[in-house]
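K.L.:
Predicted coordinates and the sequence they were generated for:
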Amino acid sequence: MDLQLFTQKISAHFKNELPFVLFSLPQENTITALLQQSSVLYKSDEFSANGFIFAPFKFEGEAFFIPESNSEKITCEFTKTSFQMEPVAIAENDVEKYEYIALVEKIIEHIKKRKAKKIVASRSKDLNLDHFSIDTLLTRLFSAYPSAFCYIWYHPETGFWCGATPETLVQITNDTFKTMALAGTQPYTANEVSWGPKELDEQQLVTDAITTNLQRVTSLLKVSNPYTYQAGSLLHLKTDISGVLRSRKTTLTKIAAVVHPTPAVCGVPQKYAKQFILENEGYDRTFYTGFLGPIQENGNRAILMVNLRCMKIDNHTAHIFVGGGITIGSKPMDEWQETQNKLQTMLQVLSPML
Ligand SMILES: C=C(O[C@H]1C=CC=C(C(=O)O)[C@@H]1O)C(=O)O
């Protein structure tokens, strides 16, 4: 289907307030859409039917779901031509800044008292959209980030979400899986990249926690060396992790529950970090740092991504979600700046609509 017809169909579906999801896999030039034919809110706890799941940060075994069986499935070939990105300037809000810095300082205090090694702090930034258009959003989002997993999800009950995430939670093909440890952030420059001990330690913590958790369900685990990975205008440290599941009976839900929430979005130890986040962050993450993705071949093939570099759009306001891992070596002002830099991923998409 050509892009114009595809976009018209999506716009009409959205106008009728019917649920839909659009997604494109990293490095692929196809956008797939599932247009649900009713407004039912489906839930899935088995991840074994074909469709698309959307799970919150507070995942407790059940995710929202758009089933293929109740949807029209359409695809569109689309050339990803990443456009020239100029940073979008937005005014800093002093209250937001000092609240975030206070949260980071509180986390550092807890780490110094040895209650945790790492906790991920986050915040949401609200922006007025004077010229919201789903057509513009779709074209910019899907063309800007060729190496990301891009998506738009809409359901009247969850609202309108979209993002361009660099982080795989888990990718399954029969009994083999792939995942990654992603942590450490710096802005992209053309110069040679070097990583300090804070980023290297933080990334190692994430790798160790993921591999330890995966040992419960795997028979073979391969772990690469960390390397620099570009996500839009940011660089991260990434380790590839792959392996074989111990039993073919290990369900996708079980694997998701073993790896989610990873220390890249929650912390170490996981239970303490999650409780800290719920009690101290001062807002509800809802679907940010949850996970999402397509389920195919009745659960034998699936790609679940972590919901990062994302936003929720309602009533002409965009709520962009950003965060960062806090460790003993964190400097509060740098952590604030890191979240400012991360805002740019969605700001680039929104810029003509602000
Ligand atoms: C929590 C976020 O990023 C995570 C993923 C990659 C690098 C991160 C970091 O350097 O702190 C974060 O752990 C976010 O982008 O909102």
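P.N.:
Here it is on my side, so go on.

K.L.:
ok, so what distance separates the most far-flung residue of the chain relative to its centre from the ligand?
P.N.:
Relative to the C-alpha centroid of the chain, counting by CA atoms, centre = their mean, residue 113 is the outermost residue, at 30.3 Å. Distance, residue 113 to the ligand, by CB to the nearest ligand atom, to the nearest Å: 21 Å. Placement of C-beta: from N, CA and C, glycine included.

K.L.:
Model confidence at that residue, what's the number?
P.N.:
At residue 113, the model reports a pLDDT of 98.

K.L.:
Now do the contacts for the closest residue to the ligand within the stretch 101-250 of the chain.
P.N.:
Distances between the stretch 101-250 of the chain and the ligand by CB to the nearest ligand atom are smallest at residue 185, namely 3.5 Å. Taking CB atoms under 8 Å, 6 or more residues apart in numbering, we find residue 185 in contact with 199, 234, 235, 236, 324, 338, 341, 342.

K.L.:
secondary structure class for the first one?
P.N.:
The three-state label for residue 199, taken from DSSP: H, G, I helix; E, B strand; the rest coil, comes out as helix.

K.L.:
contacting residues for the nearest residue to it once chain neighbours are set aside?
P.N.:
Counting by CB to CB, 6 or more residues apart in numbering, residue 199 lies nearest to residue 184, which is 3.3 Å off, once chain neighbours are set aside. Listed by CB under 8 Å, 6+ apart, the contact set of residue 184 reads 195, 198, 199, 200, 202, 203, 236, 237.

K.L.:
Tell me how far residue 184 lies from residue 238.
P.N.:
Relative to residue 238, residue 184 is positioned 9 Å away (CB to CB, to the nearest Å).

K.L.:
repeat for residue 183
P.N.:
From residue 183 to residue 238 the distance is 8 Å (CB to CB).

K.L.:
With neighbour numbers in mind, choose between the two.
P.N.:
residue 183 (29 against 23; other CB atoms under 10 Å).

K.L.:
Tell me the gap between the helix or strand hosting that one and the middle of its chain.
P.N.:
Assessed by DSSP states H and E, residue 183 sits inside strand 176-187. Counting by CA atoms, centre = their mean, to the nearest Å, strand 176-187 is centred 12 Å from the centre of its parent chain.

K.L.:
hmm, back to that, name the nearest of the contacts of residue 184 relative to residue 62.
P.N.:
Nearest to residue 62 out of the contacts of residue 184 is residue 236 (CB to CB; 30.1 Å).

K.L.:
That closest one: what's it in contact with?
P.N.:
166, 182, 183, 184, 185, 228, 229.

K.L.:
Mind doing that once more with 10 Å?
P.N.:
Residues near residue 236 by CB atoms under 10 Å, 6 or more residues apart in numbering: 166-167, 180-186, 195, 199, 203, 226-230, 264.
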